[in-house]
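Chemist: Build me a structure from this.
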Amino acid sequence: MDDRRDDVKYEPVPGHDHMSIQSPAENMAKLGENVKINLDDCGERGGRIFLYVAVCVAHLTSFACGVALGWTSPVIPKLNGEIEPENNPLSQPITMHQQSWLGSLLPLGAVLGPFAAGLFVDRIGRKKSILISTSPFIVAFIMAIFTHDINLFFLMRFLCGLALGAIFTILPMYVGEVAEDANRGSLGSLFALFICIGILFSYCVGPYVSLTTFNILCVIPPALFFPIFMLFIPDSPHYLIACNDQEGAENALMKFRQKSKQGIQQELLEIKKSVEASMANKGKFTDLFKSRGLIRALMISLGLVSFQQLSGINVVLFYTQTIFLLTGTSIPSAISTIIVGIVQVLAGSLTPLLVERTGKRFILIFSAVGMGLAMGLLGFYFYVQNNPTVITYFFWLPIASLICFNITYSVGFGPLPWAVLGELFPANIKSAASTITASFCWLLAFIITNVFGSVTEAIGIYGSFWLFAIFCVLAFFFVYILLPETSGKTLQEIQDILNGKYCVL
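Modeler: Numbering: from 1, shown residues only. This is a model prediction of the structure:
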């Protein structure tokens, strides 16, 4: 017998508008939802092993970026005849002008990479975009195995740049979307660490094997990454939700969190809200100039990556072994280069431990001072290197200077400009800001590496390093005067600071 009365009108209970009673059936449904959310909040703990494995697999691409960045350091001395001239695959040694192009074509390709990535990252997803972006690495290193033409080496470096620029844009986005709030910072910092490990790989292996063997070894990591990532690692749940693939998003999140379907419902709901808000307020490039805060954010972002490149980092990365050969010290150039690479890896692993304790602003100031001091001392060594006393008693100064430079760069101006970029812009225009900033960064890197040889011929190698030191001093004042502290602040607080509502350093 049905005891319900159709003439009864259910009224909201005062003070309980959020439980507005319309019918017993609806009350039960709402109660079920609340119970489900409570179970999600205090139920399954899940696991993180698969998430860590997936992120490390994804970072094989950043390892390949590091290999490409360090590739020229052991290769150029072999191509210009300074080392093993009998094994040079080219018919004649390369000139200084060709060396500049070999170094600078990678950042030139990287200028275009972010724009290429922006065209398809939201259309085909993060996973497919990463796979496509990795393909030029495979093609480039295979090409380098067989080529005997300098022009094909130029093409190989340009392809590496395209891949690198795209990976720099897509991979941090993917890792940020699959990570949890509690480990997003540490997993994101692996990007810079794997790049440093890739650079160290080039420094350790390149000088001791033939050019052909080196290129074969370089192609292995991206070639292994391709099938593993394609077959076993899911796409970003954020992208799957944006494509209305509810089932795919659930399966991906269950795999990343190692939870049941019920255990991921609360996080899935939060992802849906985030994606809906982002799609409803999709920003455009012109939005970057619509407020004082966004203009200031863009100026800070472009300034940080400018000083990152003007510190001379790409000259150091591309020509480390050549620099040590020019110093004339008694320490073998290959050994000195490996020591610098090891220090860079160790220093890069310190940033996640320091940044939350000291703040980004302090670390960037420390970084600028250390880099400026290192470049100044390196320039001084080259200025007086013809003095026999200097060679006898200060043979250690070049390696000490580059160790100091790499430590202070790797903890500060290496990773932190990109971390600050992620905090300065609202989510709806972060993609546009990242594309512009990354492309500008690599354009500047191209110009610096391309003109380094000409500038060195004009003012001497010591003058070039002193010029980098001056830019590091300017970087100190830029950070001290213009950059607010972003660590420990919400995104809204950062926007308030940028818009001048209150000033906090």
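Chemist: Can you list the buried residues in the helix or strand containing F366?
Modeler: Assessed by DSSP states H and E, F366 sits inside helix 360-384. The neighbour-count check on helix 360-384 (16 or more other CB atoms under 10 Å) flags 360-383 as buried. The way it works is simple: take the backbone N, C-alpha and C, and place the C-beta from them, glycine included.
Chemist: if I look at the residue lying closest to L60 once chain neighbours are set aside, how far off is A110?
Modeler: Distance criterion CB to CB, 6 or more residues apart in numbering; nearest residue to L60, sequence neighbours excluded, is F225 at 3.9 Å. Distance, F225 to A110, by CB to CB, to the nearest Å: 19 Å.
Chemist: ok, these two, which is more surrounded?
Modeler: With neighbours defined as other CB atoms under 10 Å, F225 and A110 compare such that A110 has more, 30 against 23.
Chemist: Thought L164 was touching the more buried one, still the case?
Modeler: Yes - if you go by CB atoms under 8 Å, A110 and L164 touch, sitting 5.0 Å apart.
Chemist: report the longest helix in this protein, please.
Modeler: The helix spanning the most residues in the chain, taking DSSP state H as the definition, is helix 430-482.
Chemist: Which strands and helices lie in contact with that one?
Modeler: helix 96-124, helix 150-178, helix 292-310, helix 313-327, helix 360-384, helix 416-424 (3 or more CB pairs under 8 Å, 6 or more residues apart in numbering; DSSP states H and E).
Chemist: What's the first helix or strand after the second one?
Modeler: Proceeding C-terminally, helix 150-178 gives way to helix 184-205 as the next helix or strand, assigned by DSSP H and E.
Chemist: immediately after that following helix, which helix or strand?
Modeler: With DSSP H and E, the next secondary element past helix 184-205 is helix 211-232.
Chemist: Run the angle between that next one and helix 150-178 for me.
Modeler: 30 degrees (axes from the mean of the first three to the mean of the last three CA atoms, to 10 degrees).
Chemist: just the CA coordinates of stretch 252-268, formatted as PDB?
Modeler: Extracted as PDB, the C-alpha positions of stretch 252-268 are listed here (Å, rounded to 0.1, in the frame of the first residue of the first chain):
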ATOM      1  CA  ALA A 252      43.200   6.700 -16.400                       C
ATOM      2  CA  LEU A 253      42.700   8.200 -12.900                       C
ATOM      3  CA  MET A 254      42.100   4.700 -11.400                       C
ATOM      4  CA  LYS A 255      45.400   3.600 -12.900                       C
ATOM      5  CA  PHE A 256      47.400   6.700 -11.800                       C
ATOM      6  CA  ARG A 257      45.900   6.600  -8.300                       C
ATOM      7  CA  GLN A 258      45.700   2.800  -7.900                       C
ATOM      8  CA  LYS A 259      42.100   3.200  -6.600                       C
ATOM      9  CA  SER A 260      38.700   1.800  -7.300                       C
ATOM     10  CA  LYS A 261      36.100   3.500  -9.400                       C
ATOM     11  CA  GLN A 262      34.400   4.800  -6.300                       C
ATOM     12  CA  GLY A 263      37.700   6.000  -4.800                       C
ATOM     13  CA  ILE A 264      38.400   8.500  -7.600                       C
ATOM     14  CA  GLN A 265      35.000  10.100  -7.900                       C
ATOM     15  CA  GLN A 266      35.700  13.100  -5.800                       C
ATOM     16  CA  GLU A 267      38.900  14.000  -7.700                       C
ATOM     17  CA  LEU A 268      37.200  13.300 -10.900                       C
END
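Chemist: For it, buried residues please.
Modeler: In stretch 252-268, counting by 16+ other CB under 10 Å, buried: 252-259, 263-268.
Chemist: returning to that earlier point: which strands and helices sit next to the helix or strand following the longest helix of the chain?
Modeler: Using DSSP H and E, the helix or strand that follows helix 430-482 towards the C-terminus is helix 491-498. On a contact count with 3+ CB pairs under 8 Å, 6+ apart, helix 491-498 meets helix 292-310, helix 416-424.
Chemist: need those helices in JSON lines with mean pLDDT, distance to R123 and mean neighbour count, can you?
Modeler: Formatted as JSON lines, the helices and strands packed on helix 491-498 follow (pLDDT from 0 to 100; distance: least, CB to CB, whole Å; neighbours: other CB atoms under 10 Å):
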{"stretch": "helix 292-310", "mean pLDDT": "91", "distance to R123": "25", "mean neighbour count": "20"}
{"stretch": "helix 416-424", "mean pLDDT": "79", "distance to R123": "22", "mean neighbour count": "22"}
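Chemist: rewinding a little: for the helices and strands packed on helix 430-482, which one sits closest to S189?
Modeler: Across these, S189 has its closest neighbour in helix 416-424 (8.2 Å, CB to CB).
Chemist: Provide the contact partners of that closest one at residue level.
Modeler: Contact with helix 416-424 is made by 172, 176, 188, 297, 300-301, 304-305, 308, 351, 355, 360, 363-364, 367, 430, 433-434, 437, 483, 486, 491, 494, 498, as judged by CB atoms under 8 Å, 6 or more residues apart in numbering.
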